[in-house]
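*Asks:* Pasting a predicted model and its sequence here:
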Amino acid sequence: MTNAVVLYSRENHAFRITLNRPEKRNAINNDLIEGISDGIKQAEADPEVRCIVLTGAGDKVFCAGGDLQPGGGFNFDFAEPSTAYGNLLRQAQNCPLPILAVVNGTCVAGGIGLVAMADLAIAVDTAKFGLPEAKIGLFPMQVLALMKALIPARTLREWMLTGELFSAQDAMEAGLLNRVLPAGQLAECADGLIASFAKTSPSALRRGKYAMRVVEAMSFDQAIAFAEGQLGLMTLTEDAKEGLASFNEKRSPKFTGK
């Protein structure tokens, strides 16, 4: 299925969402936000999908950030307490499926927010990154909400306060990316991660993603008490029973997500 600016495809256990505004360097507007959001909903509704892959069309640009043209991505309804982009970041945080960002080229401004909202991210080694909003009188406010948990404070301040570009290697060393690869190895790496997701229990990933988000705001004592209760609940799932049985019977598990 296809949205005007977003392409969808199902490949094995992965639901691929491809940003498809090459003439605008895949810049973010309301249609693109809606397309990504709808894609996440479709993936969540398909019991055969084990992960979501977010990437850009072509081999030059992943996402150039918000569309700065008149009528582009900076149309705010000040009567609303939240924005469409902010709601997309919230949706991704609550998504029960792993999200993998495959950064195929330049990624700046709000595009970095799309990478930060993913659970894992890999990038081609020629990709350039940047948070240049301060150079046009803005600031990456919404991106900051996610980046503060990923990037060391001094590095994040440098990126946001100078607005200068940085390399994929710098992005990986700071924690934004999991891996950086030559262009010819990017798809192979993504396929390997997708295959790993497909071997896991959907119910375990749902509860795991929920737990990882919740414990971020907890003290150790709160987090360990919460984790103890969650682990006990997980043993009641069909997937946990199947996983334990398959281990003892020395066979591959057949998870249902229940």
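*Replies:* Looks like it arrived, so ask away.

*Asks:* how many other residues sit next to Ala211?
*Replies:* Residue neighbour count, defined by other C-beta atoms under 10 Å, stands at 17 for Ala211. Quick note: C-beta positions are derived from backbone N, CA and C, even for glycine.

*Asks:* buried set for stretch 57-74?
*Replies:* Ala57, Val61, Phe62, Cys63, Ala64, Gly65, Gly66, Asp67, Gly73 (16 or more other C-beta atoms under 10 Å).

*Asks:* Lowest-confidence one in those residues?
*Replies:* Taken together, the buried residues of stretch 57-74 show their lowest pLDDT at Gly73, with 59.

*Asks:* Low-confidence ranges, this protein, go.
*Replies:* Across the chain, the stretches falling below the confidence threshold (pLDDT under 70) are 1-3, 70-76.

*Asks:* can you pull out the helices in it?
*Replies:* Counting by DSSP state H, residue ranges of the helices within the chain are 30-45, 84-94, 110-116, 141-147, 153-162, 168-174, 183-198, 202-215, 220-234, 238-249.

*Asks:* just checking, what packs against the last one?
*Replies:* Contact partners of helix 238-249 among helices and strands, from 3 or more C-beta pairs under 8 Å, 6 or more residues apart in numbering; DSSP states H and E: helix 202-215.

*Asks:* Name the residues of the helix it packs on that come out as buried.
*Replies:* Of the residues in helix 202-215, those buried under the neighbour-count criterion (16+ other C-beta under 10 Å) are Pro202, Ser203, Ala204, Leu205, Arg206, Arg207, Gly208, Lys209, Ala211, Val215.
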